[in-house]
Each structure stands twice: as structure tokens, then as C-alpha cells.
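Novice: Return atomic coordinates for the entry below.
(one chain, ligands or ions: 1)
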Amino acid sequence: MKLDHLIEKIQQLSGNYYAEDRLQILQKKIENFLRKNNLSIDEIFLNEERTSLFIDNVLVNKTSFFRHYQQLEEFRELYLKPLVDKKEFRILSAGCSTGKEVYTLAMMAMETGSLPERKLFEGMDLSRFALSVARKGIYSRRTLDQIPKEYRKYISIDGEYLYISEKIKKLTEFTRGNILDSKAFPENHYDVIFCRNVFIYFNPEYINYVLYNFRKALKKDGVLVVSPVEFLSPEDHKLFRPEKIKQYTFYRRVG
Ligand SMILES: C[S@@+](CC[C@H](N)C(=O)[O-])C[C@H]1O[C@@H](n2cnc3c(N)ncnc32)[C@H](O)[C@@H]1O
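Specialist: As a prediction, this is how the structure comes out:
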């Protein structure tokens with residue numbers, strides 16, 4: 001199998017796309033994977049476990065606590081506060097990586113009002129490795145700097161590690177799912193879907209499939225949050241209407 005076939009296969013399985021400028025990084029990742037597992041390119045897709053291990057290796061898992069903090073603050077004021085007051089809501093982080101976005105949202109909600117002890121925050125990702133980290137809720141002590149002082153009561157530090165408190169973990173759950181797969185989503189289920197820093201790695205042609213899935217999975221008037229540097233195209237506004245009340249654009253489900 002040649003590199004371009006491999007790229008096509010990655011795209012089919014995950015929607016992720018490798019433009020010219022990222023090809024070298026991909027090539028390095030593939031070489032490392034083959035060397036570490038003592039495999040040839042043609043052996044990668046021979047069984048499901050190896051395929052998923054390979055996909056794990058080529059996906060970009062970069063994340064942090066309180067990423068795009070200003071956008072989160074605005075989200076909290078405009079959308080999260082009314083949900084917390086209502087007490088009955090469900091928020092999904094689609095492409096949650098190692099869980100930091102999910103724990104950030106749970107901490108922000110906890111700081112906003114009292115919450116029922118239920119799984120209100122869900123993380124979904126294709127990467128088994130990222131999910132295993134997310135479920136543990138244990139990170140390097142070095143990530144402490146990402147957490148504003150007022151939120152540090154929700155974590156503890158022991159030696160080199162940072163632990164998410166049980167109170168926060170109880171509000172969360174993590175599931176493996178492919179955002180391209182319509183079967184991964186229940187209907188009319190979420191009030192908000194976060195999908196930040198995922199579409200930047202996607203083939204634009206695949207984004208539309210994902211938006212259909214999100215539209216189905218959101219409740220009427222549900223909100224989609226992408227990162228401040230990602231925007232839906234005008235054709236996609238039939239599914240999600242841009243809503244800019246203050247500084248940031250959020251997207252409201254149409255219909
Ligand atoms: C760069 S991280 C972003 C994490 C987090 N949303 C944030 O903004 O910090 C992108 C995540 O999307 C996940 N991902 C990529 N393609 C996916 C797919 N088709 N289905 C589910 N998750 C996917 C990757 O495994 C990775 O963990």
C-alpha cells in the first residue's frame with residue numbers, strides 16, 4: 001500500500017485529512033508506528049484492533065484545560081448559566097481527547113450553581129488511548145498552570161500528578177464513538193455539543209456528514225460550539241444558524 005492510499009484510508013475511517021503541510025508529520029507518525037509494532041504498511045488494516053491502534057497514532061490529541069478561556073466565559077454567561085438553573089441538561093464534547101474539555105465544563109458548571117449528581121457531561125472520541133486517560137482523570141502536575149486559581153478546589157495534587165476530584169468525575173462519562181457515524185448519536189439528546197479543534201483536521205467534504213449527526217443529536221434550539229478559529233460555511237447555515245450576541249459566534253440548531 002502506498003502513502004496516498006493510506007491517507008485515503010485514514011480519511012475514510014476518521015474524516016481526518018492531511019494537507020501538504022502536515023504530510024511530513026504523518027509520515028513520521030507512520031514510520032514510528034510501524035517500527036514500534038514491527039509491521040509493514042500492508043499489515044496495518046488486517047484486524048480491527050491494529051486498525052484502531054493505528055488510527056489512535058495518527059489522530060491529533062492536543063488539548064488543555066480551559067482552552068479558549070474567553071470563549072468559555074462567554075459560553076458560561078450566555079448558555080451554561082440558564083442550563084444550570086434549569087438543572088436538567090446534557091452536554092457532549094465530541095472529539096474530547098483526554099477529557100480536559102469535559103472536566104473544564106463540569107468545573108465551570110459546578111462554579112455556576114448547584115447541580116444534580118448525574119452524568120451531565122459526556123465525552124466522545126475515536127481514540128481508545130485518549131479515552132483511557134480521560135476516564136482516569138489523572139494528569140501531569142505540569143497542567144496545573146492551565147487551571148485558574150478559583151477552580152483548583154476541584155483538583156488535588158500528589159507528587160507529579162494532578163487528580164480530578166470525585167465530585168467532578170461523577171458528573172462525567174466517556175464513550176468511544178466516531179462522529180462520522182450516525183449510529184453513534186441518540187436523537188434529540190443534547191442541549192449543547194462542543195466540537196472544538198476537530199474540524200481543523202477534517203476534510204471539508206466530511207464536515208457536512210458530521211453536522212447532520214450533530215443536528216439530529218441536539219434537542220430543538222440546541223447549540224453547537226466550535227473553536228474561535230473555526231467557522232461553518234454558509235451552506236451549513238441551513239443546519240446551524242450563527243448566533244453572535246457578544247464577541248464569539250455560537251451555532252443554533254435550525255428547525
Ligand atoms: C485536537 S483534539 C481536540 C480536543 C478538544 N476538543 C479540545 O478542543 O481541546 C481532536 C480530537 O478529536 C478526535 N477525533 C478525530 N476524528 C474523530 C472522529 N472521526 N470521531 C471522534 N473523534 C475524533 C481525536 O482523537 C482527538 O482526540
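
Novice: what separates Gly99 from Tyr212, distance-wise?
Specialist: 26 Å (C-beta to C-beta, to the nearest Å). Where C-beta positions appear, they are placed from N, C-alpha and C, glycine not excepted.

Novice: Show me which of those two is the more surrounded one.
Specialist: Taking other C-beta atoms under 10 Å, Gly99 and Tyr212 do not tie; Gly99 has more neighbours (28 against 14).

Novice: Surely the more buried one is in contact with Phe129?
Specialist: No. Counting by C-beta atoms under 8 Å, Gly99 stays clear of Phe129, with 11.9 Å between them.

Novice: Quick check: residues of the protein near the ligand?
Specialist: By C-beta under 6 Å from any ligand atom, the part of the chain that sits against the ligand consists of 14-16, 59-63, 67, 93, 95-97, 101, 125-127, 130, 178-180, 196-198.

Novice: Counting neighbours, which of those end up buried?
Specialist: Neighbour counting with 16 or more other C-beta atoms under 10 Å marks 14-16, 59-60, 63, 67, 93, 95-97, 101, 125-127, 130, 178-180, 196-198 as buried within the residues of the chain next to the ligand.

Novice: how does the protein divide into domains?
Specialist: 3-58, 69-135+167-253 (automatic domain parsing).

Novice: just flag whichever of those domains has the lowest average confidence.
Specialist: Per-stretch mean pLDDT for these is lowest at domain 3-58 (a mean of 92).

Novice: Now do it: distance to the chain's middle.
Specialist: The gap between where domain 3-58 is centred and where its chain is centred comes out at 21 Å by C-alpha atoms, centre = their mean, to the nearest Å.

Novice: And Gln247, its phi and psi?
Specialist: Here is the backbone geometry of Gln247 (degrees, to the nearest 10): phi -90, psi -30.

Novice: I figured it hits Gln70, correct?
Specialist: Yes. Gln247 lies in contact with Gln70 (C-beta under 8 Å); the separation is 7.2 Å.

Novice: Just the ones in strands from the buried ones among the residues of the chain next to the ligand, please.
Specialist: If you go by DSSP state E, those have Ser93, Asp125 in strands.

Novice: quick one: buried residues of stretch 194-205?
Specialist: For stretch 194-205, a neighbour-count test (16+ other C-beta under 10 Å) marks Phe194, Cys195, Arg196, Asn197, Val198, Phe199, Tyr201, Phe202 as buried.

Novice: ok, so what distance separates Asn197 from Ile91?
Specialist: Separation of Asn197 from Ile91 (C-beta to C-beta) stands at 17 Å.

Novice: Please read the previous query as pertaining to Ile10.
Specialist: 29 Å.

Novice: And these two? Which one has more around it.
Specialist: More crowded of Ile10 and Ile91, by other C-beta under 10 Å: Ile91, with 25 against 19.

Novice: To which secondary structure element type does the closest residue to that one other than its chain neighbours belong?
Specialist: Leaving aside its sequence neighbours, Ile91 sits nearest to Val192 (C-beta to C-beta, 6 or more residues apart in numbering; 4.6 Å). The three-state label given to Val192 by DSSP: H, G, I helix; E, B strand; the rest coil is strand.
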